[in-house]
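*Asks:* Just the structure for this:
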Amino acid sequence: MARVSIFLITVALIASMAGCAGESYALAIASTDGGSVTTPGEGMFTYGEGTVVNLVATPNAGYRFVDWTGDVGTIGNVTAGTTNITMNGDYFITANFVAMYDLTISSTAGGNVTIPGEGTFTYDAGTVVSLNATPDANYHFVNWTGNVSTIADVNVAATDITMNGNYFVTGNFEGINFMVSGGHTHTLGAKADGSVVAVGSNYYGQCNVGNWTDITQVSAGAWHTVGLKSDGTVVAMGGIRYYGECDVGNWMGIAQVATGEYHTVGLKADGTVVAVGWNYNGQCDVGDWTGITQVAASWRHTLGLRSDGTVVAVGSNDDGRCDVGNWSDITQVAAGGHHTVGLKSDGTVVAVGENWGGGCDVSGWTNIVQVATGEYHTVGLKSDGTVLVAGYNYEGLGDVSGWTNIKQIAAGSEHTVGLKYDGTVVAVGWNESGQCNVEGWDLN
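*Replies:* Okay, here's the model as predicted:
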């Protein structure tokens, strides 16, 4: 600032002299920290009226040129480091530079950083950069580590970092090696040791899972239960057999399973999808799907989340539940009885379909890390471990305001289930068949 003040005084002196001659003008040039004006240099210069003077501003390493400020009315391009100025008066101009910092982002197994991505990115000093870490199926976000002093909240997946230096940050994920799932009238729990527990109606044998071992994921259909084994094979119990929803004995290479009311969907490790069971509405017509990273299923429709964040859907669309063609930036999908819900990478939620009871009223939700859907309700798990419910509150299925420290959520037809970090489970809602009797469970 001191040298700028000296330049201004000098410009004034030269201007008074130039005014007498009437043939030349003074050009005073300065620069901020981070670079210099190499052509014509910095200091005071005198030029004849109308002279076009070339200007070249050269940043130092780790800086970039921003713009010219001051008397810039005759500068050719104020945002170009190489430009010119026409001398029609006495001018004082400054070349401005800004520091640039690198942000290097990585993640542990179990998810990835979707915003801004992973790798090295360069930003101007002071830039506030949005961060969003998206877990894979059966994983959850833990925290950010590394150079985290300017991260707003290291424990939140969707947050931001202020670029005041070169930073390296890592998004950390942890496997959910135990999980819950809700069906029409039964609830499942996959334990950390690979065994499975079940409560609720067992009319079709859907709770006969006591001898299952090596299970990494469970999914509860209306009347059947499906389990994914660590070797990529699938087991199933219950079901109304003539629909064939349990005919999964020959499946191999499966990475995730989902169950509708009378059909079962399997996501293969190569991104293709298989399905068996009731196909009256075409909900099993998934044979041409590719690039899928997650599947979801409900009564009469099936969803697939593509690796690019878009969504595909098949099945009945009489209430608009399959109108997902314009969705983008989705990280998880959930299929309700008559509606579809999508979780976006910024932690907000979208929904389409029948809104009976308000199950689609999720537009105001923020900081959501997982969604689940029942017949007419939607459940959202927030990054702080609390839970939201939208929709019809039948039998108190939305009474979750006191829940804390929740790791994973599930929704049955008319009940809501929450898995806590300590492995215990809570449930509210319709309990006619004992599907909410989970008080003694410890899945850890």
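
*Asks:* Tell me which stretches of the stretch 51-200 of the chain form helices.
*Replies:* For the stretch 51-200 of the chain, applying DSSP state H, counting those that start in this stretch gives no helices.

*Asks:* in it, which spans are strands?
*Replies:* 52-59, 63-70, 82-86, 91-107, 111-115, 119-124, 128-135, 139-146, 158-162, 167-175, 179-182, 186-190, 196-200 (DSSP state E, counting those that start in this stretch).

*Asks:* Given the last one, what are its sheet partners and their directions?
*Replies:* Strand partners for strand 196-200, identified by DSSP bridges, are recorded as strand 186-190 (antiparallel).

*Asks:* any idea how far the residue positioned nearest the centre of the chain is from V235?
*Replies:* Taking CA atoms, centre = their mean, the centroid of the chain lies closest to S345, which sits 2.1 Å from it. From S345 across to V235, the span is 33 Å (CB to CB, to the nearest Å). C-beta coordinates here come from the backbone N, C-alpha and C atoms, glycine included.

*Asks:* go on, V78?
*Replies:* 69 Å.

*Asks:* Run through the chain and note the low-pLDDT ranges.
*Replies:* By pLDDT under 70, the weakly predicted segments of the chain are 1-22.

*Asks:* Could you list the domains of it?
*Replies:* 2-99, 108-174, 177-429 (automatic domain parsing).

*Asks:* How far does the shortest one sit from its chain's centre?
*Replies:* Right, domain 108-174. 11 Å (CA atoms, centre = their mean, to the nearest Å).

*Asks:* Export the strand or helix carrying V352 to PDB, keeping only CA atoms.
*Replies:* Take DSSP states H and E as the rule and V352 turns out to sit in strand 349-353. What follows is strand 349-353 as a C-alpha-only set of coordinates in PDB (Å, rounded to 0.1, in the frame of the first residue of the first chain):
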ATOM      1  CA  VAL A 349     -34.300 -35.800  -0.700                       C
ATOM      2  CA  VAL A 350     -36.700 -36.000  -3.700                       C
ATOM      3  CA  ALA A 351     -39.900 -38.100  -4.100                       C
ATOM      4  CA  VAL A 352     -42.500 -39.000  -6.700                       C
ATOM      5  CA  GLY A 353     -45.700 -41.100  -6.600                       C
END
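
*Asks:* Please pull up the helix or strand immediately following that strand.
*Replies:* In N-to-C order, the element after strand 349-353 by DSSP H and E is strand 368-373.

*Asks:* Tell me what angle that next one forms with strand 128-135.
*Replies:* 40 degrees (axes from the mean of the first three to the mean of the last three CA atoms, to 10 degrees).

*Asks:* Just the buried residues of strand 368-373, please?
*Replies:* Judged by neighbour count using 16 or more other CB atoms under 10 Å, the buried positions of strand 368-373 are 368-373.

*Asks:* just stretch 104-122 next, same as before
*Replies:* 105, 107, 110-115.

*Asks:* try stretch 315-329
*Replies:* So for stretch 315-329, counting by 16+ other CB under 10 Å, buried means 315-317, 319, 321-322, 324, 327, 329.

*Asks:* then that stretch to PDB, C-alphas only?
*Replies:* Extracted in PDB, the C-alpha atoms of stretch 315-329 (Å, rounded to 0.1, in the frame of the first residue of the first chain):
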ATOM      1  CA  GLY A 315     -43.200 -51.800 -13.100                       C
ATOM      2  CA  SER A 316     -46.600 -50.100 -12.500                       C
ATOM      3  CA  ASN A 317     -46.700 -46.400 -12.800                       C
ATOM      4  CA  ASP A 318     -50.300 -45.700 -12.300                       C
ATOM      5  CA  ASP A 319     -49.500 -43.200  -9.500                       C
ATOM      6  CA  GLY A 320     -46.300 -41.800 -11.000                       C
ATOM      7  CA  ARG A 321     -43.900 -43.800  -8.800                       C
ATOM      8  CA  CYS A 322     -41.700 -44.600 -11.800                       C
ATOM      9  CA  ASP A 323     -41.400 -40.900 -13.000                       C
ATOM     10  CA  VAL A 324     -37.700 -40.700 -12.100                       C
ATOM     11  CA  GLY A 325     -36.300 -40.100 -15.600                       C
ATOM     12  CA  ASN A 326     -35.200 -36.500 -14.800                       C
ATOM     13  CA  TRP A 327     -33.500 -37.300 -11.500                       C
ATOM     14  CA  SER A 328     -29.800 -36.700 -11.200                       C
ATOM     15  CA  ASP A 329     -27.100 -36.600  -8.600                       C
END
